[in-house]
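Asks: Fold the stuff below for me.
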Amino acid sequence: QVQLVESGGGLVQAGGSLRLSCAAAGRTIGTYAMAWFRQAPGKERKFVAAISSSGDYIKYTDSVRGRFTISRDNAKNTVYLHMSTLKPEDTAVYLCAARTEPYVLEYKSEYRYWGQGTQVTVSS
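Replies: Residues are numbered from 1 along each chain as shown. Below is the predicted model of the structure:
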């Protein structure tokens, strides 16, 4: 069993930056692919970014490529999402997810463990 806890969300002006963290407990996530999804009010949960267990392979959704960077520190059992040049349309609850396989996929049904999420609000 893996518990995921996100932190780092908040209110930021358009053009600003935030770094989200996802700390895992219960077991090491070193063999798991990890991902960030986001969910805006009244909308379905959508894929943002994912990183393979080794960190060698990374995937982004088109709308964040070049602005967001996913990374991981397996020694700290933590995954990060650095977000820059934020836009109001990035406003959402951001959720961390773990897939019990090493390879990246963007389908939420492939991820077994989920955190509770952290709110990111971008004002215009």
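Asks: Give me the nearest residue to the residue of the chain most remote from its centre, chain neighbours excluded.
Replies: Computed with Cα atoms, centre = their mean, the residue of the chain farthest from its C-alpha average is S124, at 22.7 Å. Leaving aside its sequence neighbours, S124 sits nearest to P88 (Cβ to Cβ, 6 or more residues apart in numbering; 4.8 Å). All C-beta atoms are positioned from the backbone trio N, CA, C, and that covers glycine.
Asks: Show the contacting residues for the residue nearest the centre of the chain.
Replies: The chain has W36 as the residue nearest its centroid, 2.3 Å off, counting by Cα atoms, centre = their mean. Residues in contact with W36 (Cβ atoms under 8 Å, 6 or more residues apart in numbering) are L20, C22, V48, A49, A50, I70, V79, L81, Y94, L95, C96, A97.
Asks: same question, K87
Replies: A14, V122.
Asks: Let me know the pLDDT of the residue lying closest to Q13 once chain neighbours are set aside.
Replies: The shortest distance from Q13 to any non-neighbouring residue, by Cβ to Cβ, 6+ apart, is to S123 (5.5 Å). For S123, the pLDDT comes out at 97.
Asks: picking up where we left off before, what's the spacing between the residue farthest from the centre of the chain and T28?
Replies: 41 Å (Cβ to Cβ, to the nearest Å).
Asks: Now E110, what are its backbone angles?
Replies: Taking degrees, to the nearest 10, you get phi -80, psi -10 for the backbone angles of E110.
Asks: All set now, cheers.
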